[in-house]
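# Sequence plus predicted model, see below.
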Amino acid sequence: NYLKAPQPLQGNELKKGEIDFKDNLPVTDAILCRTNAGAISMALDYVGKYPTKKTALLNVNIAEIEELLKDLEDFNKDCATGSHHPILKNFENYSELEVYCKNFPGDTNIAPTFRLYDKFGYSFLIDNLESFKNINPEHAETIVTTAHRAKGQEWNRVLLGDDFEGITYKLATKDKSPELCSDGEARLLYVTVTRAKEILQLGRIDDGFLRWLATHVFENDIEEA
C-alpha cells in the first residue's frame with residue numbers, strides 16, 4: 001500500500017503470526033541486518049547473550065570488514081600515516097571522521113564499520129571474528145545475515161537488526177514524522193519483514209517507525225475509500 005503496488009497482498013488468515021516489540025534480543029532463528037558490519041555487530045551481541053547457541057554469519061565478507069577495521073585502527077592511532085584508505089583520506093583526523101559518521105549514518109561505505117569499531121574496539125573484534133569463520137551455517141541454530149542475502153529464504157522466527165535506522169528510515173524529529181529514505185528501501189524492508197513465518201521480532205529497532213508506517217497506510221486506505 002505504501003508503494004501503491006497494483007497487486008494487493010493478504011496474509012494467510014488460517015495461520016496467525018506474531019510481532020514482538022518487547023524483547024530487545026530474544027532467542028531467534030535468523031537475524032537480518034542492513035549491512036555486513038551490522039550483521040557482525042548483532043552476531044557479537046547475540047553470542048554474548050547466548051554463548052551456548054551455535055551462531056553463524058551467512059554470506060558476510062568478514063575479511064573485507066577486517067581490512068577496514070585495521071585501517072580505522074591505524075587512522076585512530078596516527079591520522080597522518082594511517083590515512084592510506086581512500087575513504088579515510090577525506091578526513092583530517094579521527095574526530096572529524098566520528099562527527100561525519102554520526103551525521104551521515106546512511107553512508108554504508110564507512111559509517112556501519114565505524115560504529116562497529118567504536119562499539120567493540122579493534123582487538124576484541126579481531127579476536128572474535130576469527131571464531132565465526134569456523135562455524136558451518138548448515139549446523140547453526142541461529143543465522144545472521146543481511147537482508148539482501150535473505151531474499152527467497154524463510155525462518156520461523158526473524159529478528160531485525162538495529163542498523164536499518166538511518167539507512168532504511170529516518171526517525172521522527174520535532175519538525176518531521178518518521179520517513180522511509182526511498183522506495184527502494186521500502187521494498188527491502190518489505191522483503192525483510194516477510195522472511196518470518198511465525199514471529200517477527202522488532203524490539204531491536206525503533207518500533208515507533210513501523211507503527212507509524214502501519215498507521216500511515218491505514219489512513220491512506222480510509223482516504224481512498
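Looks like it arrived, so ask away.
# any low-confidence regions in this structure?
Counting by pLDDT under 70, the chain shows low-confidence ranges at 81-83, 206-207, 216-225.
# if you set the cut-off to 50 instead, what comes out?
Along the chain, the parts satisfying pLDDT under 50 run over 220-225.
# Do a quick rundown of the strands in it.
In the chain, strands defined by DSSP state E lie at 18-20, 30-33, 55-57, 142-146, 155-160, 169-170, 179-180, 196-201, listed in chain order.
# contacting residues for residue 69?
Remark: with contacts taken as C-beta atoms under 8 Å, 6 or more residues apart in numbering, residue 69 is in contact with 113, 116, 117, 122, 125, 126. For glycine as for every other residue, the C-beta is placed from the backbone atoms N, C-alpha and C.
# Would you mind checking these for buried ones?
When burial is judged by neighbour count using 16 or more other C-beta atoms under 10 Å, the buried members of the contacts of residue 69 are 113, 116, 117, 122, 125.
# count of residues packed around the nearest residue in space to the fourth one that is not next to it in sequence?
In space, and not counting its chain neighbours, residue 122 is closest to residue 73: 4.2 Å by C-beta to C-beta, 6 or more residues apart in numbering. In terms of burial, residue 73 registers 16 neighbours under the definition other C-beta atoms under 10 Å.
# try the one 3 residues further on
When neighbours are counted by other C-beta under 10 Å, residue 76 registers 17.
# Quick check: the gap between the residue nearest to it when sequence neighbours are not counted and residue 204.
Here the nearest residue to residue 76 in space, its sequence neighbours aside, is residue 94; by C-beta to C-beta, 6+ apart that works out to 4.9 Å. Computed as C-beta to C-beta, to the nearest Å, the residue 94 to residue 204 distance reads 28 Å.
# With residue 173 instead?
The separation that residue 173 has from residue 204, given C-beta to C-beta, amounts to 22 Å.
# These two - which one has more neighbours?
When neighbours are counted by other C-beta under 10 Å, residue 173 and residue 204 differ, and residue 204 comes out ahead with 23 against 9.
# Contact partners for the more buried one?
Remark: with contacts taken as C-beta under 8 Å, 6+ apart, residue 204 is in contact with 24, 25, 42, 159, 160, 161, 162.
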